[in-house]
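A.B. asks: give me coordinates for this.
(one chain, ligands or ions: 2)
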Amino acid sequence: MIPIKPHAYAELPQDFYNLQNWQGFDNPLLVIENAELKKDLGLENIDKQKLLNIFNGSLSIESLKPLSMAYSGHQFGQYVEQLGDGRGLLFGQIDSSAGLIDIHLKGAGKTPYSRFGDGRAVLRSVIREYLCGEAMHALSIPTSRALMIIGSDEMVIREKSETAAMLARTAKTHIRFGNFEYFHYNNKPEYVKVLADFCIDNYPPYFSKSKNKYEEFFRSVVEQTACMIALWQANGFSHGVMNTDNMSILGETFDYGPYGFMEDYIPSYVCNHSDHQGRYAFKNQPYIGLWNCSALGHALSSLISEENQDEILKTYELFFQNKLAELYRKKLGFITSHNEDAQLIQGLLDIMESERLDYTNTFRNLSQALTETKTNELNSDVAVSWIKSYQERHNKESKSIAKKISLMNAINPKYILRNYMAQEVIEAAENSDFSAAEALIEVITCPYDELEQYEHFANRSPEWAKNLEISCSS
Ligand code: AMP
Ligand code: MG
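C.D. replies: Ligands and ions are numbered 1, 2, ... in the order given. The predicted structure is shown next:
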């Protein structure tokens, strides 16, 4: 028995989706399978080849109803009327120990929403998505995850000719802010309500059937979004394409494109080289999160009054600030909270910015400052004076130094996914060598450990990689 069942979304009215056949590859190839995730989903008894055949469509599961979802959204601030799953489909749902989990297949061929696209994804982009999902998961940032990459000998045209591949991924939901916008802007308030009710019924404990259930639904989305973005900021993650069609209503990071983990601390860092205005720059993400929530609020205006929306949107900043302050305090090794903390944190960020320090390594090595006057990164006059205030602040904490170090090492990663690492893995994979991917996955899934054989992965990027441009075409 294969425990993948039709998605509950297939019970919604026809306007919500298109029931979908899909197009597997003639010569499918297993690139990588996520054994740990497979086990979490209770699929461990299905061998790799069988699972590949299921996703490739060579082995059919009866009664399954794969579907492409209809949605729209704001892209770079402009409303785009029709988006939808142009190359993906909601394959089914698994009742796992972690609750109901969506299985989505990306790059599975054309759908009614493909417009001029070919319905395919390229090996480069699905490897990047696989790696980032695992890296984010290991950093405890809510995220979609990849279950399997299926390679092919099919070529597709992007900026150049590239190999096509499919990605099977999991997420708690694939309902985006854009699903609501689609019905709102199509003048179908009755479907906005159907969709909100669907979410409230299907995603406990995120949403509850309280008296003001629509307000509470919106409040919860706002809270999850603010917390997700606080986690991005604390970990130096830049999404790159924060369009409302890429925002999950459950606050999970997904639709990885030209993302990047920031290396040198540059708040205006833009990872997507097609983002000429820098709309989605690292430092803008918190504000864009709020902007996206207000776009969702607007789409819910048939259910929630403007006044109530405003009241709920006001909570965003509070959730965000509190969460980020808590994360930064932990990164600095503080258990308690004191008035001077905000200033101390800002002081450190200012030094990192003016001295172009590596964001990850500065935090990872900060515990050296508990016992020394300098750290590997913090050694300028300004930094040394900051360390003095930092040590004074630590006198207010009662834990032992050893305990503080272990707590700091459990929140400040040693290894992050730097773009050049993904690039090296992609180049090897394009030459049919998947071993580099496996090694990198070992590292990014244990970001807090000391891995002697992988010490070099903790270094800053080599010179050649500094100007690596990540293409949006995927
Ligand atoms: P993304 O930038 O991946 O979030 O995609 C934005 C929209 O373009 C979504 O509606 C996608 O389904 C669609 N899209 C992206 N690439 C393709 C493609 N190769 N074929 C068809 N649709 C695509
Ligand atoms: Mg998308």
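A.B. asks: got the contact list for Leu451?
C.D. replies: Counting by CB atoms under 8 Å, 6 or more residues apart in numbering, Leu451 touches Lys414, Tyr415, Glu442, Val443, Phe457. C-beta coordinates here come from the backbone N, C-alpha and C atoms, glycine included.
A.B. asks: what's the neighbour count on the third one?
C.D. replies: Here the number of neighbours of Glu442 (other CB atoms under 10 Å) works out to 15.
A.B. asks: distance of it relative to Gly57?
C.D. replies: 31 Å (CB to CB, to the nearest Å).
A.B. asks: how many other residues sit next to Ser63?
C.D. replies: With other CB under 10 Å as criterion, Ser63 counts 8.
A.B. asks: my guess is it meets Pro6, correct?
C.D. replies: Yes - between Ser63 and Pro6 there is a contact at 6.2 Å, judged by CB atoms under 8 Å.
A.B. asks: touching, Tyr415 and Asn459? I think so.
C.D. replies: No - in this structure, Tyr415 is not within contact of Asn459 by CB under 8 Å, at 10.1 Å.
A.B. asks: among these two, which residue is more densely surrounded?
C.D. replies: With neighbours defined as other CB under 10 Å, Tyr415 and Asn459 compare such that Tyr415 has more, 25 against 10.
A.B. asks: show me what contacts the more buried one?
C.D. replies: Val443, Ile444, Cys446, Pro447, Leu451, Tyr454, Phe457, Ala458.
A.B. asks: and the longest strand for the chain?
C.D. replies: Assignment by DSSP state E gives strand 145-157 as the longest strand of the chain.
A.B. asks: could you dump that strand to PDB, C-alpha only?
C.D. replies: Extracted as PDB, the C-alpha positions of strand 145-157 are listed here (Å, rounded to 0.1, in the frame of the first residue of the first chain):
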ATOM      1  CA  ARG A 145      11.600  20.100   1.800                       C
ATOM      2  CA  ALA A 146      12.700  18.000  -1.100                       C
ATOM      3  CA  LEU A 147      12.000  14.300  -1.200                       C
ATOM      4  CA  MET A 148      13.500  13.300  -4.500                       C
ATOM      5  CA  ILE A 149      15.100  14.800  -7.600                       C
ATOM      6  CA  ILE A 150      14.500  12.900 -10.900                       C
ATOM      7  CA  GLY A 151      17.000  13.800 -13.600                       C
ATOM      8  CA  SER A 152      16.600  13.300 -17.300                       C
ATOM      9  CA  ASP A 153      18.300  13.500 -20.700                       C
ATOM     10  CA  GLU A 154      15.800  16.100 -21.800                       C
ATOM     11  CA  MET A 155      17.200  19.500 -22.700                       C
ATOM     12  CA  VAL A 156      15.300  22.800 -22.100                       C
ATOM     13  CA  ILE A 157      16.100  26.300 -23.100                       C
END
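A.B. asks: how about it: buried residues?
C.D. replies: Neighbour counts using 16 or more other CB atoms under 10 Å place Arg145, Ala146, Leu147, Met148, Ile149, Ile150, Gly151, Ser152, Glu154, Val156 of strand 145-157 among the buried residues.
A.B. asks: in three-state terms, label Leu89 for me.
C.D. replies: strand (DSSP: H, G, I helix; E, B strand; the rest coil).
A.B. asks: which phi and psi does the most centrally placed residue in the chain have?
C.D. replies: The residue lying closest to the centre of the chain (CA atoms, centre = their mean) is Thr253, at 2.7 Å. When read as degrees, to the nearest 10, the backbone of Thr253 gives phi -70, psi 130.
A.B. asks: on the strand side of things, show who it bridges to.
C.D. replies: Here Thr253 sits in beta bridges with Thr143, going by DSSP bridges.
A.B. asks: go ahead and confirm it touches Cys227.
C.D. replies: No - at 11.4 Å, Thr253 and Cys227 do not qualify as touching, with contact defined as CB under 8 Å.
A.B. asks: what sits against the closest residue to ligand 2 within the stretch 1-150 of the chain?
C.D. replies: The stretch 1-150 of the chain approaches ligand 2 most closely through Leu83 (7.4 Å), counting by CB to the ion. Going by CB under 8 Å, 6+ apart, Leu83 touches Tyr71, Ser72, Gly73, Gln75, Tyr113, Gly178, Asp245.
A.B. asks: let's see it at 6 Å
C.D. replies: Residues in contact with Leu83 (CB atoms under 6 Å, 6 or more residues apart in numbering) are Tyr71, Ser72, Gly73, Asp245.
A.B. asks: which two among the contacts of Leu451 are spaced furthest apart?
C.D. replies: The largest separation in the contacts of Leu451, counting by CB to CB, is between Lys414 and Glu442 at 13.3 Å.
A.B. asks: tell me, how many residues neighbour Gln14?
C.D. replies: Neighbour count for Gln14, taken as other CB under 10 Å: 8.
A.B. asks: how near is it to Tyr113?
C.D. replies: Going from Gln14 to Tyr113 by CB to CB gives 14 Å.
A.B. asks: near ligand 1, which residues of the chain show up?
C.D. replies: Residues of the chain lying close to ligand 1 by CB under 6 Å from any ligand atom are 83-87, 113-114, 117-120, 241, 246, 255, 257.
A.B. asks: now with 5 Å?
C.D. replies: The chain has residues Leu83, Gly86, Arg87, Ser114, Gly117, Gly119, Asp255 near ligand 1, with proximity defined as CB under 5 Å from any ligand atom.
A.B. asks: including secondary structure, could those residues go into CSV?
C.D. replies: Output for the residues of the chain next to ligand 1, formatted as CSV (three-state DSSP):
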residue, secondary structure
Leu83, coil
Gly86, coil
Arg87, coil
Ser114, coil
Gly117, coil
Gly119, coil
Asp255, coil
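A.B. asks: in what helix or strand does the closest residue in space to Glu317 that isn't next to it in sequence lie?
C.D. replies: With CB to CB, 6 or more residues apart in numbering as the criterion, Glu317 has its nearest non-adjacent residue at 7.2 Å, and that residue is Leu290. For Leu290, the host element (DSSP states H and E) is helix 285-299.
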